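> Sequence and computational prediction follow.
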Amino acid sequence: MAHTFFGGVFPATRKESTRRKPLAQLSQPPREVAIPLLMCSDGPSVPVVRPGDPVSLGQVIARRGDCGVAIHASVSGRVTAIQDRPHPWGGSSPAILIENDGQNTPCPQRPQPVEAQNVELPLLLERVQAAGIVGMRGEAAPTWEKLARAAGRVDTLIVNVAECEPYVTADYRLLLERSEKILLGASVVARCLGAQRAVIVTEGDKLRAVESLERRLLRRGHSVQLCTVRTRYPLGAEKQIIQTVTGREVPPGGSALDASCVVLNVATLYAVQDALFRGRPLTHRAVTVTGGAVTRPRNLWVPIGTPLRILLESAGGLREEADLMLTGGPMMGVALEELDAPVIKDTNSLICLTAGERKPGGSGTTCIRCGKCVSCCPMHLAPVFVRQALEAGDRERLAKYRVEDCISCGCCSFICPAQLPLVETMIWARAALEEGGDRL
Ligand code: SF4
Ligand code: SF4
């Protein structure tokens, strides 16, 4: 029985153009991949190869230092340079450039696959750490740390397939096409963590995935449960999905562990089972290439480090000028200046929107005090009052509005009839409070 969460909005899903497109290979493999050292939210990794070194598919090319995660070659070939390249999170970052020899020669030091019944917590953590797995949608934090913190403290593992961002269907295709592996991964991870149940959460409009999964669960008498929820944004956010599945509310400033839950995105869980049962590190991922400006929208299975430009070429290029290009989704995604940045571990989409598809944003008009930004905020915040306090330079009032709880979901900006930049307002307010000083 699904519960619900407060607030949220119903943007047009716009998933029709890719939801029936199976995960496909690139039409041309990349001649060169640029694998950034920064692919983890806690900082960059340390390279362990030098220009001129030959590398094989899955070989470690960077390791965790004080921060970061292990990084592996996603093609075989030769390292040509380590130099700054555009990064999909913005700006540039050092990247290991590998000239692809097209052979995909596997690394001989690959760990041996293990049987599901032989996986215990220490082995799970060791394999996940060695495979360089991070949260593959949004957070990009080391997954082994998340699992280590959760062990013995959770009763529910939630597998998040609630891909509530419009346009994106990469997780849906992964669930639909590789559900056996995902089910096995979920049951093993739940057992290792001591969780009594594993719940896969999908949106109600993902019917084929849901039906096929339900058939498998019934046939096998599986320990994994399925929870289908009506599509509402931001269902996929961690606190909202926990409340939806368990009815428990994560306290302000708290984490999933305070609700005895751990949440893994389905792509992350797939990478975990790949590391365990096939000895494969995280070198490839599913990416949706879509938007009204794209000639042939599709879902692709691509080597990490592939320039986004190559993905767009595999989708037939642009059929008209893109007014906005972004990764991540139109609600919380990151706008791209150009397409030289590569796919990294948390890149789930490349979306190229026409001027007609793009919601008119910008400076906005005047607040009409409709209250919609308050009633849609899933974190019970009041962006309209934050904006007023910020404009008045009233720090004391601003400090009362819990701006630190904002999850930047974008619901308030989406719904505001005056088109005010409310997410940006929340970000500015948080920065102003953190900077300190008497005046804003
Ligand atoms: S962006 Fe922040 S303030 Fe706006 S609706 Fe989301 S959580 Fe609330
Ligand atoms: S939604 Fe926009 S117009 Fe309505 S109260 Fe909030 S800021 Fe004002």
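Looks like it arrived, so ask away. Numbers count the residues shown, from 1 in each chain. Ligands and ions are numbered 1, 2, ... in the order given.

> going forward, measure contacts between C-alpha atoms and count neighbours the same way
Noted.

> give me every residue that touches the closest residue to ligand 1 within the stretch 251-400 of the chain.
Nearest residue of the stretch 251-400 of the chain to ligand 1 (CA to the nearest ligand atom) works out as Cys377 at 3.7 Å. For Cys377, the contacting residues are 6-8, 411-412, by CA atoms under 8 Å, 6 or more residues apart in numbering.

> Near Thr4, how many other residues are there?
Thr4 is flanked by 17 other residues according to other CA atoms under 10 Å.

> Show me the helices in the stretch 201-350 of the chain, by range?
Using DSSP state H, counting those that start in this stretch, the helices found in the stretch 201-350 of the chain span residues 207-220, 238-246, 266-277, 308-314.

> looking at these, which is closest to Ala130?
Proximity to Ala130 (CA to CA) singles out helix 266-277 among the helices of the stretch 201-350 of the chain, at 8.5 Å.

> And the contacts of the closest one?
Contacts of helix 266-277 (CA under 8 Å, 6+ apart): 113-116, 124, 127-128, 131, 133-137, 159-161, 171, 174-175, 181-182, 184-186, 280-282, 285-286.

> just the helices of the stretch 201-350 of the chain: most buried one?
Neighbour counts (mean count of other CA atoms under 10 Å) averaged over each of those peak at helix 266-277, with a mean of 25.

> quick check: domain ranges of the chain?
The record's domain split for the chain, according to automatic domain parsing, is 116-277, 372-435.

> since we're on the residue of the stretch 101-250 of the chain found nearest ligand 1, how many residues are nearby?
When scored by CA to the nearest ligand atom, the stretch 101-250 of the chain has Pro234 as its residue closest to ligand 1, at 8.5 Å. Residues contacting Pro234 under the criterion other CA under 10 Å number 27.

> Can you give me the buried ones in the strand or helix carrying Phe385?
Using DSSP states H and E, the element containing Phe385 is helix 383-392. Neighbour-count burial for helix 383-392, counted by 16 or more other CA atoms under 10 Å, picks out 383-387, 389-390.

> If we check ligand 1, which of these are in contact?
Pro383 (CA under 6 Å from any ligand atom).

> Same list, the buried residues of helix 383-392, but as TSV with pLDDT please.
Output for the buried residues of helix 383-392, formatted as TSV (pLDDT from 0 to 100):
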residue	pLDDT
Pro383	95
Val384	95
Phe385	95
Val386	95
Arg387	93
Ala389	92
Leu390	91
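
> wouldn't Pro234 be in contact with Gly8 here?
Yes. Taking CA atoms under 8 Å as the definition, Pro234 is a contact partner of Gly8 at 6.0 Å.

> Between the two, which contacts overlap?
The contact lists of Pro234 and Gly8 share 378, 411, where a contact means CA under 8 Å, 6+ apart.

> Out of the contacts of Cys377, give me the two with the largest separation.
Largest separation among the contacts of Cys377 by CA to CA: Phe6 and Cys412, giving 13.3 Å.

> and the two? which has more neighbours close in?
For Phe6 and Cys412, the more surrounded residue by other CA under 10 Å is Cys412, and the numbers stand at 29 against 13.

> Low-confidence ranges, the stretch 1-150 of the chain, go.
Within the stretch 1-150 of the chain, the segments meeting pLDDT under 70 span 1-2.

> which residue does it bring closest to ligand 2?
For the stretch 1-150 of the chain, the residue closest to ligand 2 is Val9, as judged by CA to the nearest ligand atom, at 12.2 Å.

> Any residues of the chain in contact with ligand 2? List them.
367-373, 384, 416-418, 420.

> residues contacting Glu177?
Glu177 touches Pro22, counting by CA under 8 Å, 6+ apart.

> Distance-wise, check it relative to Gln28.
The gap separating Glu177 from Gln28 is 22 Å, by CA to CA, to the nearest Å.

> just so I know, which of the helices of the stretch 201-350 of the chain lies nearest Glu99?
Comparing the helices of the stretch 201-350 of the chain by CA to CA, helix 308-314 comes nearest, at 14.8 Å.

> Just the C-alpha atoms of that closest one, please, in CSV.
Only the C-alpha atoms of helix 308-314 are listed here, as CSV (Å, rounded to 0.1, in the frame of the first residue of the first chain):
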residue,chain,number,x,y,z
LEU,A,308,27.9,14.0,-25.4
ARG,A,309,28.3,15.1,-29.0
ILE,A,310,28.8,11.5,-30.1
LEU,A,311,25.5,10.5,-28.3
LEU,A,312,23.7,13.2,-30.3
GLU,A,313,25.2,12.0,-33.5
SER,A,314,24.0,8.5,-32.7
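
> what's in contact with it?
26-28, 30, 289, 294, 300, 318, 339-343, 350.

> how much space between the residue most central in space within the chain and Met332?
Centroid-nearest residue in the chain: Arg137, 0.9 Å away (criterion: CA atoms, centre = their mean). Relative to Met332, Arg137 is positioned 11 Å away (CA to CA).

> In the stretch 301-440 of the chain, what residue spans correspond to strands?
For the stretch 301-440 of the chain, applying DSSP state E, counting those that start in this stretch gives strands covering 324-327, 334-335, 349-353.
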